[in-house]
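Chemist: here are the coordinates; sequence isn't available:
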């Protein structure tokens with residue numbers, strides 16, 4: 001039996017809360033008459049904490065609307081059965097000498113969801129009430145004993161079951177109770193079907209993934225783009241969220257995933273396409289969520305892929321093609337108290353471009369990737385986890401291809417790091433999780449020389465035109481609260497949480513002249529960059545959310561939630577109502593129908609607001625004789641104001657850059673288990689995204705300009721973006737965009 005995580009180390013994505021005034025009204029099994037007053041006081045506390053006055057009135061309106069919907073739903077279902085059939089299990093915890101172990105914590109879990117937490121009495125017994133048939137996991141822990149995890153299978157024809165669990169200080173104990181049960185009951189899960197990647201199979205695949213993001217293309221619906229980034233549901237990384245231990249680890253300036261944690265440090269990976277749970281934010285395409293592993297009770301180490309791959313050409317050894325040795329070390333620093341895990345890897349890759357001649361067709365990537373984690377068991381009900389991710393990497397000849405040989409490509413250096421501190425506390429039958437995290441991403445892009453860059457139809461020459469240096473940081477404070485399950489016309493599992501983050505991005509961009517020529521070498525245009533200044537952009541993003549997983553009966557469950565968020569740099573406040581259902585007709589559980597509808601928002605990357613600080617472009621156009629056609633034209637960099645919208649869930653100030661890209665989506669999924677080895681699944685997803693950031697040439701107050709706006713839109717299927725920029729591409733615009741986004 002493998003050691004289970006402590007009850008105080010559950011799914012980090014479950015929300016909880018520092019909002020004690022709001023959590024109060026869900027701690028009772030029945031709603032009190034003071035519910036409305038507590039809701040008002042809790043909301044006032046939020047507004048005072050965030051000090052965002054414009055948010056209060058807007059947020060109060062949507063919170064009251066959500067409360068009205070819940071009350072209305074309760075009234076509708078009140079005419080149905082008031083009780084959900086439950087199943088009783090009596091658990092007795094004993095030691096190796098068959099003596100009872102009192103005050104032992106017993107946590108009931110379904111998958112990654114914590115249902116309840118109880119403690120044994122003086123005789124070592126605890127009585128559990130389970131909501132439905134299915135597979136459950138019991139995580140049992142007490143200071144001085146090894147943690148034990150026991151599987152429990154409940155079937156409809158056996159409502160009562162007794163079991164003993166032995167806790168040992170020398171070896172782990174596993175006991176399994178089989179009650180001729182079926183597969184886990186789907187109504188205990190959320191409506192959002194998640195794709196879980198089996199890591200052990202991924203590690204031995206032909207792709208040999210070294211990092212978390214390397215494994216994602218193994219999941220259906222995720223592909224790797226030419227630049228090395230991943231695309232979920234047809235959209236780029238800046239439209240999806242990447243969470244490690246519930247913390248956003250994307251680049252604050254660009255929204256890209258970057259070099260993620262080593263694959264050997266990851267315990268689970270789950271991908272949700274358009275999830276309808278209020279706990280998730282900053283996405284309009286999908287959410288990637290990963291949990292890291294904890295050190296074991298015994299010291300262990302491993303060395304994976306220690307030997308490099310050599311390049312052999314014409315029977316001769318031509319150096320190393322790639323290498324990715326990975327070293328892992330884990331174990332207890334203090335027995336039953338403090339655990340340590342370290343995963344480190346060195347990544348070297350000499351990628352060959354087949355359309356160029358050897359050896360001028362090699363682009364070199366080198367990186368060192370390290371993840372360190374410490375887990376401390378403070379008390380049987382409290383744990384403290386600290387982790388640090390450190391990943392410097394460099395890229396020689398970035399973007400090398402047939403049209404851009406080595407002299408034209410730049411070199412890029414990146415440095416990424418993330419530190420986290422998480423405290424778990426099982427209190428009042430629920431779980432409180434507090435997280436503090438900081439992320440830093442810096443980059444530097446420089447050309448091979450100072451020659452003028454020349455663009456031609458048959459290939460480019462000279463040196464890369466741009467110099468770019470930047471540094472972005474993000475600080476995050478998260479509170480998540482999951483109270484004990486409530487019984488009211490079924491079972492309610494509430495989740496409440498808050499997140500407040502502050503990000504900054506500073507840097508500068510310089511550009512050298514660029515010449516455009518036709519196939520005969522005739523000059524068509526010349527671009528010079530003038531002006532520009534260093535930029536520093538800051539943003540604060542507070543958000544709160546609440547959701548309820550409502551199990552109406554053993555066959556039907558609903559998910560209802562709302563998320564309120566604000567992005568100060570955009571001067572927008574946004575509400576995201578979401579709802580879904582899971583229905584399993586019949587008693588076999590072989591047929592499952594899922595569906596949902598909701599609103600989600602992208603977080604506008606900070607590099608969008610650095611655009612006004614970039615140098616202006618002066619473009620001179622030449623005729624067939626090589627003479628200028630009119631005077632040079634200077635294009636200003638302008639950030640526009642978003643057009644008026646009738647969308648009811650966004651409130652924004654009238655100012656430039658008040659962007660709020662959003663998506664409305666719904667889906668319906670049918671799943672049927674034909675045999676134990678055959679599952680048939682059909683899914684339809686429809687999403688519409690509006691307010692996509694665009695860049696297009698225009699005229700502002702009789703002055704030529706490149707205008708940054710939000711007039712683009714997208715839909716899935718297919719995942720293709722439409723907007724004025726995409727239909728009216730201009731070479732100067734493309735050059736500027738390439739300088740703004742660092743090559744990978």
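Modeler: Happy to help now that I have it. What you are looking at is a predicted structure, and each value in this text was computed from that prediction instead of being measured.
Chemist: quick check: buried residues in stretch 221-232?
Modeler: By 16 or more other C-beta atoms under 10 Å, the buried positions in stretch 221-232 come out as 221, 222, 229, 230, 231, 232. Every C-beta, even on glycine, is put in place using the N, C-alpha and C of the backbone.
Chemist: domains in the protein, by residue range?
Modeler: The chain resolves into domains spanning 87-130+133-184, 195-292 when parsed by automatic domain parsing.
Chemist: tell me which of those is the most buried.
Modeler: domain 195-292 (a mean of 21; mean count of other C-beta atoms under 10 Å).
Chemist: endpoint to endpoint, it covers what distance?
Modeler: 17 Å (C-alpha to C-alpha, to the nearest Å).
Chemist: tell me the mean pLDDT over it?
Modeler: Mean pLDDT, domain 195-292: 88.
Chemist: chain center to that domain: distance?
Modeler: On the basis of C-alpha atoms, centre = their mean, to the nearest Å, domain 195-292 sits 7 Å off its chain's mean C-alpha point.
Chemist: and stretch 329-342, by the same measure?
Modeler: On C-alpha atoms, centre = their mean, the centre of stretch 329-342 falls 28 Å from that of its chain.
Chemist: report the buried residues of it.
Modeler: Buried residues in stretch 329-342, counted by 16+ other C-beta under 10 Å: 329, 330, 331, 332, 336, 339, 340, 341, 342.
Chemist: and those residues, which two are the farthest apart?
Modeler: By the measure C-beta to C-beta, 336 and 342 form the most distant pair in the buried residues of stretch 329-342, at 20.0 Å.
Chemist: least confident secondary structure element in this structure?
Modeler: Lowest on mean pLDDT, DSSP states H and E among the helices and strands of the chain sits strand 176-177, with a mean of 30.
Chemist: pLDDT on stretch 423-431, on average?
Modeler: The average pLDDT for stretch 423-431 rounds to 89.
Chemist: rebuild the domains of the chain as JSON lines, extending it with distance to residue 612.
Modeler: Formatted as JSON lines, these follow (distance: least, C-beta to C-beta, whole Å):
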{"stretch": "domain 87-130+133-184", "distance to residue 612": "44"}
{"stretch": "domain 195-292", "distance to residue 612": "15"}
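Chemist: among the buried residues of stretch 329-342, which one sits closest to residue 150?
Modeler: Of all the buried residues of stretch 329-342, residue 336 has the smallest distance to residue 150: 18.8 Å, by C-beta to C-beta.
Chemist: quick one: that closest one is in a strand?
Modeler: No - secondary structure of residue 336 (DSSP: H, G, I helix; E, B strand; the rest coil): coil, not part of a strand.
Chemist: look up how far residue 142 lies from it.
Modeler: 10 Å (C-beta to C-beta, to the nearest Å).
Chemist: quick revisit: farthest pair within the buried residues of stretch 221-232?
Modeler: Spatial extent of the buried residues of stretch 221-232 (C-beta to C-beta) is set by the pair 221 and 229 at 15.2 Å.
Chemist: all strands of the stretch 601-744 of the chain, in order?
Modeler: In the stretch 601-744 of the chain, the strands defined using DSSP state E, counting those that start in this stretch lie at 616-621, 633-639, 650-652, 662-675, 678-700, 703-716, 720-722.
Chemist: make JSON lines from those strands and add distance to residue 440, mean pLDDT and mean neighbour count to it.
Modeler: Output for the strands of the stretch 601-744 of the chain, formatted as JSON lines (distance: least, C-beta to C-beta, whole Å; pLDDT from 0 to 100; neighbours: other C-beta atoms under 10 Å):
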{"stretch": "strand 616-621", "distance to residue 440": "30", "mean pLDDT": "96", "mean neighbour count": "18"}
{"stretch": "strand 633-639", "distance to residue 440": "26", "mean pLDDT": "95", "mean neighbour count": "17"}
{"stretch": "strand 650-652", "distance to residue 440": "30", "mean pLDDT": "95", "mean neighbour count": "19"}
{"stretch": "strand 662-675", "distance to residue 440": "29", "mean pLDDT": "92", "mean neighbour count": "17"}
{"stretch": "strand 678-700", "distance to residue 440": "24", "mean pLDDT": "91", "mean neighbour count": "16"}
{"stretch": "strand 703-716", "distance to residue 440": "26", "mean pLDDT": "90", "mean neighbour count": "19"}
{"stretch": "strand 720-722", "distance to residue 440": "30", "mean pLDDT": "38", "mean neighbour count": "14"}
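Chemist: how about JSON lines for those, with distance to residue 603 added?
Modeler: What follows is these, written out as JSON lines (distance: least, C-beta to C-beta, whole Å):
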{"stretch": "strand 616-621", "distance to residue 603": "28"}
{"stretch": "strand 633-639", "distance to residue 603": "17"}
{"stretch": "strand 650-652", "distance to residue 603": "14"}
{"stretch": "strand 662-675", "distance to residue 603": "11"}
{"stretch": "strand 678-700", "distance to residue 603": "12"}
{"stretch": "strand 703-716", "distance to residue 603": "14"}
{"stretch": "strand 720-722", "distance to residue 603": "17"}
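Chemist: just tell me which of those strands ends up closest to residue 255.
Modeler: It is, among these and with distance given as C-beta to C-beta, strand 678-700, at 10.7 Å.
Chemist: would you give the sheet partners of the closest one, along with the direction of each?
Modeler: strand 662-675 (antiparallel), strand 703-716 (antiparallel) (DSSP bridges).
Chemist: in TSV, list those strands along with distance to residue 137.
Modeler: Putting those into TSV (distance: least, C-beta to C-beta, whole Å) gives the following:
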stretch	distance to residue 137
strand 662-675	21
strand 703-716	35
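Chemist: re earlier: so which of the buried residues of stretch 329-342 are in strands?
Modeler: 329, 330, 331, 332, 339, 340, 341, 342 (DSSP state E).
Chemist: out of the strands paired with strand 678-700, the one nearest residue 319 is which?
Modeler: The minimum distance between residue 319 and the strands paired with strand 678-700 falls on strand 703-716, with 43.6 Å, by C-beta to C-beta.
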